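>>> after the sequence you'll find the predicted model.
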Amino acid sequence: MSVVGNCFSFIVNKYPGGGWNVLKVLLWLLAIITGLFAGKFLFHQQLFGRLLRLKMFREDHGSWMTMFFSIILCLFIFSHIYNLCLLVAGNMGPHMVTEYMGIRNESFMKIAAVGTWMGDFVTAWMVTDMMLQDKHYPDWGKAARRFWKQGNNRIVLFWSVLISLTSVVVVVISTDWISWDNLNRGFLPSDEVSRAFLASFILVFDLLIVMQDWEFPHFMGDLDMNLPGMSTTHVKFKLPVCTSIFKEEYHIHITGKWFNYGIIFLVLILDLNMWKNQIFYKPYEYGQYVGPGEKIYTVEDPDTLSQFNKSTLSWEWRSNNTNPRYNVTYSSRDMFLHSRYVGASLDVKCLAFIPSLAAFALFGFFIWLLGRFQDSEQGPKNKDKTYERIKRKSPSEYSKDMGVTPEEANVTLNEALKSNNPMLLSVDTPNMGCSSSTSHSSPETQESHPNIVIDSVDPVEPEVSIDVCKPSP
């Protein structure tokens, strides 16, 4: 597997031993650190934020996904640096990092099948969860949403359905209990061209999953809903050591849209690899050969696979020679597939990429047309500069500035209102029937987050006052 295979081989296997192991570990650790910083500050802030001014990458949105792909890129680059060191040392050919992952194609295809199914299903299940939590469209699915939000129904159903269906799929794929050839019995057999078109349309539908969202391509909704299968909107963890260097508490905030569709981009990698395999597919490279009727036969004997060549891996040889161990022809013990190999040219198979190319072009066009900040949206102080950051903050970022989480702030407010001490509640909102305002904050910030101040007053004179003209003290 190109690129990803290099990263896997660089980290997991092909360790020469001795000091080379130390060098290899240091290099891929350095690659990961470099990828984190490059993804955050170079690609996310400079490229997507300042240069391209993409709305979906505003502030810190999409930074985790950007850093993930940046790490893959840096691991791929550093793997070639490591190969250069081995080349200079000489006689280190078996330890060179390549795209081969050191596992059987059969095992990798099963892992990829489980990964793609889980990616698509988990995405669909998370989108369903977010739709049933949504408050922007109150007239849709009232009964289902009421049941979904009641108690712990959503958490129990999310994990029970996910675990049960995933277990069934993993067992079926790993054990080969269900064989597609046995089910369809040769009905509409596929060839390499139809399989390439199938892989291409799978890529199209992956992109359509993202493009069908009502907020595509800007994703400006900032819906801070509970995370799928959880009762919180964010993840928080503490570091008990090195508090002088690190913060005592870290908040990891992933917005709803990136949480939903981030997995789709990982599935796209596997689907692109599947399309590449179908385009450049040759039976010989997979331990297969073509028999009568252009049908494909798969060799399952490990001894034969370890010693095969093009002359022995053919229908003519395997059907006319006898296996001395079983006293039958070699072909009689090979797996017969209804799939065909017609030997289509590369030009014909590349036509399958046209639908995917059109989908990628539309995806980029809509982002460029509708998903970018314009000069008029950047504010008077930034008209002559590239996009830096929009002023509107998500609730999680306000909670960071205040030093409390949204839940903690809500609990504090509720406790204050329920206490016996009378309170003076002052709500300051911007320019509502007032001739002037002394607030210097941006209109977007004021509209989204009015200042709420609670002051204690004399118990004898309980008073609740809402002042929309005065600035809060």
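All right, it came through fine. Numbering: from 1, shown residues only.
>>> what does stretch 351-358 contact?
Contacting residues not belonging to stretch 351-358 are listed as 193, 196-197, 199-201, 203-204, 275, 278-279 [C-beta atoms under 8 Å, 6 or more residues apart in numbering]. Yep, even glycine has a C-beta here, placed from its N, CA and C like the rest.
>>> Ala361: which of the residues you listed is nearest?
Val204 (11.5 Å; C-beta to C-beta).
>>> make JSON lines out of the contacts of stretch 351-358 and add secondary structure, distance to Arg50 and pLDDT.
Listed next are the contacts of stretch 351-358 as JSON lines, based on DSSP: H, G, I helix; E, B strand; the rest coil; distance: C-beta to C-beta, whole Å; pLDDT from 0 to 100:
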{"residue": "Val193", "secondary structure": "helix", "distance to Arg50": "44", "pLDDT": "91"}
{"residue": "Ala196", "secondary structure": "helix", "distance to Arg50": "39", "pLDDT": "90"}
{"residue": "Phe197", "secondary structure": "helix", "distance to Arg50": "40", "pLDDT": "92"}
{"residue": "Ala199", "secondary structure": "helix", "distance to Arg50": "36", "pLDDT": "88"}
{"residue": "Ser200", "secondary structure": "helix", "distance to Arg50": "34", "pLDDT": "90"}
{"residue": "Phe201", "secondary structure": "helix", "distance to Arg50": "36", "pLDDT": "91"}
{"residue": "Leu203", "secondary structure": "helix", "distance to Arg50": "30", "pLDDT": "88"}
{"residue": "Val204", "secondary structure": "helix", "distance to Arg50": "32", "pLDDT": "91"}
{"residue": "Trp275", "secondary structure": "helix", "distance to Arg50": "33", "pLDDT": "85"}
{"residue": "Gln278", "secondary structure": "helix", "distance to Arg50": "39", "pLDDT": "85"}
{"residue": "Ile279", "secondary structure": "helix", "distance to Arg50": "37", "pLDDT": "87"}
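>>> if you rank those residues by neighbours, which is first?
When neighbours are counted by other C-beta atoms under 10 Å, Ala196 leads the contacts of stretch 351-358 with 26 neighbours.
>>> list the contacts for it?
Taking C-beta under 8 Å, 6+ apart as the test, what Ala196 contacts is 275, 278-279, 349, 352-353.
>>> just give me the neighbour total for the closest residue in space to it that isn't next to it in sequence.
Sequence neighbours aside, Ala352 is the residue nearest to Ala196 in space, at 3.7 Å (criterion: C-beta to C-beta, 6 or more residues apart in numbering). By the measure other C-beta under 10 Å, the count of residues near Ala352 is 22.
>>> now the phi/psi pair for Thr322, please.
In terms of degrees, to the nearest 10, the main-chain angles of Thr322 are phi -100, psi 140.
>>> hang on, it packs against Val328?
Yes. The criterion here is C-beta atoms under 8 Å, and Thr322 meets it with Val328 at 6.6 Å.
>>> pull the CA atoms of stretch 99-110 into CSV?
Output of stretch 99-110 as CSV, limited to C-alpha atoms (Å, rounded to 0.1, in the frame of the first residue of the first chain):
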residue,chain,number,x,y,z
GLU,A,99,5.3,0.0,0.6
TYR,A,100,5.1,-3.7,1.4
MET,A,101,3.7,-4.1,5.0
GLY,A,102,4.9,-7.6,5.6
ILE,A,103,1.5,-9.2,5.8
ARG,A,104,-0.5,-11.4,3.4
ASN,A,105,-2.8,-9.7,0.9
GLU,A,106,-5.6,-11.9,2.3
SER,A,107,-5.1,-10.5,5.8
PHE,A,108,-4.8,-7.0,4.6
MET,A,109,-8.0,-7.2,2.5
LYS,A,110,-9.9,-8.5,5.5
